[in-house]
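**Q** sequence below, structure please.
(chains A and B)
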Amino acid sequence: DSGVTQTPKHLITATGQRVTLRCSPRSGDLSVYWYQQSLDQGLQFLIHYYNGEERAKGNILERFSAQQFPDLHSELNLSSLELGDSALYFCASSKGPIAQETQYFGPGTRLLVL
Amino acid sequence: QKEVEQDPGPLSVPEGAIVSLNCTYSNSAFQYFMWYRQYSRKGPELLMYTYSSGNKEDGRFTAQVDKSSKYISLFIRDSQPSDSATYLCAMSGTGSARQLTFGSGTQLTVLP
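**A** You can find the predicted model right below:
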């Protein structure tokens, strides 16, 4: 158990809908990273927050947004969902602001868009 | 062409075999190299972390980085059925390369 929690574990929804994925980092970690893992694209970095502020963006679609709250938990919002958004979504956390620090991954949220 | 290339396998070996997993990369800015292990339906967990070129050993695992060839390897000695998982290489550097870029993963099965 990495200490990172993600909810929900599974999510089934329809095209055009909006969903929110939640992540709680390990105690003491200030950074939260979001990744998408799909069969064709592998594990891809989406966005990084450190202590409530956005630090870096990767291949994140405009339909997706995220935020990190004062209690350090983070939410990833996916809207106008398409079939291709079906994937595993992981968050990871680390203590400091740089991505080279050890990142601890949560168990993931499996999203299926029908 | 992807920045990080990794043979997806699957790779199947008998218990006790030496396993060699490899990645190649194209971005010269990469300086930090990692291997993650991902069990089915779980999140990746960090296995090995290496900075720049050289070797690092941890128990049955050895990570090698050859920056001149843009090639990294993970060796697993005396492989066990519990090593059956997907192994992902990851790397990062500075500037635009500061976030982790992952390989596609190699699926390994160690047969008892």
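**Q** can we go C-alpha only for contacts and neighbour counts from here?
**A** Noted.
**Q** residues from chain A in reach of chain B?
**A** Residues of chain A that fall close to chain B, judged by Cα under 8 Å from any Cα of the partner chain: A:41-45, A:90, A:98-100, A:102-108.
**Q** chain B versus the residue most central in space within chain A, what's the distance?
**A** Taking Cα atoms, centre = their mean as the criterion, A:Trp34 is the residue nearest the geometric centre of chain A, at 3.1 Å. A:Trp34 sits at a distance of 11 Å from chain B (criterion: Cα to the nearest Cα, to the nearest Å).
**Q** state the pair within the residues of chain A next to chain B that is farthest apart.
**A** Greatest spatial distance among the residues of chain A next to chain B (Cα to Cα): A:Gln41 and A:Ile98, at 23.9 Å.
**Q** identify the spatial nearest neighbour of A:Arg18, chain neighbours not counted.
**A** Sequence neighbours aside, A:Ser79 is the residue nearest to A:Arg18 in space, at 4.1 Å (criterion: Cα to Cα, 6 or more residues apart in numbering or on different chains).
**Q** ok, now which ones touch that neighbour?
**A** The contact partners of A:Ser79, taken as Cα atoms under 8 Å, 6 or more residues apart in numbering or on different chains, are A:16-19, A:63-64.
**Q** can you pick the most crowded of those residues?
**A** A:Phe64 (17 neighbours; other Cα atoms under 10 Å in any protein chain shown).
**Q** beta partners for that residue?
**A** Judged by DSSP bridges, the bridge partners of A:Phe64 are A:Leu78.
**Q** quick one: it and B:Tyr36, what's the gap?
**A** Distance from A:Phe64 to B:Tyr36, counting by Cα to Cα, to the nearest Å: 26 Å.
**Q** same question for A:Arg22.
**A** Here the criterion is Cα to Cα. By it, A:Arg22 lies 23 Å from B:Tyr36.
**Q** same deal with B:Val13?
**A** 19 Å.
**Q** quick one: which of these two has more around it?
**A** Each of B:Val13 and B:Tyr36 has its neighbours counted (other Cα under 10 Å); B:Tyr36 has more, 20 against 17.
**Q** which SSE is the residue nearest to that one when sequence neighbours are not counted in?
**A** Distances taken as Cα to Cα, 6+ apart place B:Leu46 nearest to B:Tyr36, at 4.5 Å, with adjacent residues excluded. Following DSSP states H and E, one finds B:Leu46 within strand B:45-51.
**Q** any idea of the mean pLDDT in that strand?
**A** For strand B:45-51, mean pLDDT is 93.
**Q** the inter-axis angle of the following helix or strand past that strand versus strand B:45-51?
**A** The C-terminal neighbour of strand B:45-51 among helices and strands, as given by DSSP H and E, is strand B:54-58. On the basis of axes from the mean of the first three to the mean of the last three Cα atoms, to 10 degrees, strand B:54-58 is oriented at 150 degrees to strand B:45-51.
**Q** can you tell me what sits against strand B:54-58?
**A** Contact partners of strand B:54-58, identified using Cα under 8 Å, 6+ apart, comprise B:48, B:50, B:62-66.
**Q** are any of those residues buried, and if so which?
**A** When the contacts of strand B:54-58 are checked for burial by 16 or more other Cα atoms under 10 Å in any protein chain shown, the buried set is B:48, B:50, B:62-65.
**Q** and these, which is closest to A:Ala56?
**A** Taking Cα to Cα as the measure, A:Ala56 sits nearest to B:Thr50 out of the buried ones among the contacts of strand B:54-58, at 22.9 Å.
**Q** now that closest one, which residues is it bridged with?
**A** Bridge pairing for B:Thr50 - DSSP bridges - gives B:Phe33.
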